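Visitor: Here's a sequence, model it:
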Amino acid sequence: MIDMIAALQPLLIGAVLVWSARLKLFSRHATATAHRSGLVVLLGERRALPAYRLLGAVELTLGATLLLPPTLRLEAVAATVLAVGFLAYLAYTRRVAPTASCGCLSAQPTPVSGRSLFRAGLLVAAGALAVTTTTGWYAALADRPLAGAAVLLAEAAAVVALSPELDATWLLPLRRLRARLTHPLRGNSGVPLLATVQQLQLSDAYRQVATLLRSDVREHWDEDGWRFAAHAARYQGRTVTAVFAVPLADPEPAAVRVALVDDVTGQTLVSVAGTTPPAGGQLTVVPA
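Guide: Residues are numbered from 1 along each chain as shown. Reported below is the predicted structural model:
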């Protein structure tokens, strides 16, 4: 299995290098990307773009030789050396110019992060594996196509996941999909949390304790027709939690009530009642 994985590494590295070279040589954003990169700090403003183009030419040449058979050990050695150079460059950029863009796989202005360093480290490891094999990637894929495809897909996914400049391509759409499916601003009742917050902020109970609050809603839960919303607060020098009870079926602010609960003892220090007492078992109100 390890022999097959090693034989497939030139294909992975070659694809990454060609993709990276595409940005440096053919993108209309190449000039702006070069001037945002760490090459400006390393080589100066005038030399940044020529160096960026030269690096793209090296990447394209080496990437093409890795993709085209036969695979030579010298190519794998060169890829490993280049990956080590990338790792050193990214580490230097992160140290001396933390706001500079990587300029690696996308024109998106993204500072060098730990993910960028891990990606470069992954390419170093892939190059070191490639040096150990004399089998071409085409032969390894032909021998075990399903296993080989699974390995390449997993490694490609790792490269993408470790590339913050590609987040807009896959991570942001996933987050939007999750938001559409989970409705994070809705409780189990289907009532938006924002509607609950607006109702309690219009209430007399909220006005009486507003100056004591030290946070927005920290947690909320629905029970027996009520929504309970907890805020951090300070009362007479004590750290307390202000627990608001808001009726889900009654939109009137007058129905909202609140209790200040001591975080240490659990004792209810103050309670302000609305028009109807809540039935939720998690809010116990006793005289202060």
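
Visitor: Output the contacting helices and strands for the helix or strand hosting Leu146.
Guide: According to DSSP states H and E, Leu146 maps onto helix 145-161. In terms of contacts (3 or more Cβ pairs under 8 Å, 6 or more residues apart in numbering; DSSP states H and E), helix 145-161 is packed against helix 2-26, helix 114-131, helix 137-143. Placement of C-beta: from N, CA and C, glycine included.

Visitor: try it again with 10 Å
Guide: Secondary-structure packing of helix 145-161 (3 or more Cβ pairs under 10 Å, 6 or more residues apart in numbering; DSSP states H and E): helix 2-26, helix 114-131, helix 137-143, helix 167-182.

Visitor: Find the least confident helix or strand in the protein, judged by mean pLDDT.
Guide: Taking mean pLDDT, DSSP states H and E as the measure, the chain has helix 167-182 as its least confident helix or strand, at a mean of 77.

Visitor: Can you check what angle separates it from helix 114-131?
Guide: 120 degrees (axes from the mean of the first three to the mean of the last three Cα atoms, to 10 degrees).

Visitor: Now do the buried residues in helix 167-182.
Guide: Asp167 (16 or more other Cβ atoms under 10 Å).

Visitor: In terms of secondary structure, what does it contact?
Guide: Contact here means 3+ Cβ pairs under 10 Å, 6+ apart; on that basis helix 167-182 packs against helix 145-161.

Visitor: Could you tell me which residues within the helix it packs on count as buried?
Guide: For helix 145-161, the neighbour count (16+ other Cβ under 10 Å) marks Gly148, Val151, Leu152, Glu155, Val159 as buried.

Visitor: and those as JSON lines, adding distance to Asp204 and pLDDT?
Guide: Formatted as JSON lines, the buried residues of helix 145-161 follow (distance: Cβ to Cβ, whole Å; pLDDT from 0 to 100):
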{"residue": "Gly148", "distance to Asp204": "69", "pLDDT": "94"}
{"residue": "Val151", "distance to Asp204": "65", "pLDDT": "95"}
{"residue": "Leu152", "distance to Asp204": "64", "pLDDT": "96"}
{"residue": "Glu155", "distance to Asp204": "61", "pLDDT": "97"}
{"residue": "Val159", "distance to Asp204": "57", "pLDDT": "96"}
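
Visitor: I am finished for the moment; much appreciated.
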